[in-house]
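Participant: Predicted coordinates and the sequence they were generated for:
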Amino acid sequence: MADVKALDCFPENILIEILSYLNVRELVRNGRVCRRWRGLVKDQRLWRVVDLSTWKGVTSRVLWALLRQYLGRGLRYLRLRGLLLSARGGAFLSEPWLQTLTSKCPRLCRLSLLHTDLRGLPSCSVLPPTLQILELHGCEVPPGFFTQNPPVTSEPDHPVVAASNVQNKPPVSSSSSGIAIETLILDNVPSFTNQHLQSLNLWGRLIRLELREMIRVTASGLRSCAPPGVQALSHLKHLEMDTGSRQQMAALGLGEGWVGLESLGLGGREVSPGLLCLSRLPDLRWLRLRSCRLTEMMVLRSCRMLKELRRLEFWQVEFVIESRRGETEGGGEREESEREREESSENDPVPNLRRSLATLLPKCSVLFTQCTVTENMD
């Protein structure tokens, strides 16, 4: 008790700064110390970013308790872990809880869900309309989850009533639907299909889409979303695709072009098919290649038509360089190879590639991050 009384001498701002280093579970425990600490713990400055993914005992009952007592207008970012991989199972997120979250947390702009079963929800329209960023990692979604409005579960008894409802119902537009999500990140969502991808065309504010380990998205599905078209994602500016363990080759869907696409990220097994389509992306200004094997010739052939490219990034790329015959016999070629090895560094592992890109794309900056060089002796 003496330590608690000593802490009472500190100003409120300093105590809140100290409490900000605690996780949610520790905050709740400290709120039981005394009346003053309970008031400090409920300060909304401590609840701007809430990460519950490391709390293994979180259930729907715990979520309701946190929402009623602590979460409020200060909440900006919420991260939750569901029960898909838990032995307990059961419901986790419910429509009433999401409705209460919407009313109590009007400034929530980012929601990240991990291993959450969303098949009990009618559609994404039940999510808070203030969301700008939605992340789904290892989640399960129902067939119509990404549609604008939830499916109708009941029909009127009389056909005349049904006809009058159809006539009086205003047309649904992307601006009036309430979905303000600008960034959608999907990571290993097994139930996400081409139909889900095509239903995103009504998201009028979606400008960034990241697809990682999406086993049911094909090249034809991606091609059907390229503008112009009925199901086109016409507002999309940034697209990332990363497949590490499966040969999907969905990036081939970019082969017919994508008007308005300004930035593209390719990773894993999507890099090689994606490089074949770069010449059809004239508006591309930013390109990132990661976790793959490349040669200098592959990069130069793919990027030579990207005259608007301003930034090219290589992340964890293994560059394969052909060994020269003259190196074993001595001479000028051996001296040139040794000079290139001396010039290479962690930030510039392939100096010859950087010089060639500077000549080919003089307005483009090149960045290497954790890249390696392998010499092919064959």
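Facilitator: Great, that's in hand. Numbers count the residues shown, from 1 in each chain.

Participant: Tell me where the model's unsure across the stretch 1-150 of the chain.
Facilitator: 1-8, 85-91, 148-150 (pLDDT under 70).

Participant: quick one: the helix or strand harbouring Leu312 to chain centroid distance?
Facilitator: In this assignment (DSSP states H and E), Leu312 forms part of strand 311-322. Offset of strand 311-322 from its chain centre (Cα atoms, centre = their mean, to the nearest Å): 23 Å.

Participant: helices or strands up against it?
Facilitator: strand 286-294, helix 296-303, strand 365-369, strand 372-376 (3 or more Cβ pairs under 8 Å, 6 or more residues apart in numbering; DSSP states H and E). In this view, the C-beta of every residue, glycine as well, is placed from N, C-alpha and C.

Participant: Would you map the strands across this structure?
Facilitator: Assigned by DSSP state E, the chain shows strands spanning 49-51, 77-81, 110-114, 133-137, 183-187, 208-212, 238-243, 263-268, 286-294, 311-322, 365-369, 372-376.

Participant: Take those and write them to a markdown table, including distance to Val62.
Facilitator: Listed next are these as a markdown table, based on distance: least, Cβ to Cβ, whole Å:
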| stretch | distance to Val62 |
| --- | --- |
| strand 49-51 | 12 |
| strand 77-81 | 11 |
| strand 110-114 | 16 |
| strand 133-137 | 20 |
| strand 183-187 | 25 |
| strand 208-212 | 29 |
| strand 238-243 | 33 |
| strand 263-268 | 36 |
| strand 286-294 | 37 |
| strand 311-322 | 38 |
| strand 365-369 | 39 |
| strand 372-376 | 45 |
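
Participant: can you tell which of those strands is closest to Ser60?
Facilitator: strand 77-81 (10.9 Å; Cβ to Cβ).

Participant: what angle sits between the closest one and strand 133-137?
Facilitator: 20 degrees (axes from the mean of the first three to the mean of the last three Cα atoms, to 10 degrees).

Participant: which helices and strands does strand 77-81 pack with?
Facilitator: Applying 3+ Cβ pairs under 8 Å, 6+ apart, one finds that strand 77-81 contacts strand 49-51, strand 110-114.

Participant: Give me the residues contacting that strand.
Facilitator: Identification of contacts with strand 77-81 by Cβ atoms under 8 Å, 6 or more residues apart in numbering yields 48-56, 58, 63, 71, 92-93, 105, 108-116.

Participant: Please indicate which of these are buried?
Facilitator: 50, 52-53, 58, 63, 71, 92-93, 105, 108-116 (16 or more other Cβ atoms under 10 Å).

Participant: All set now, cheers.
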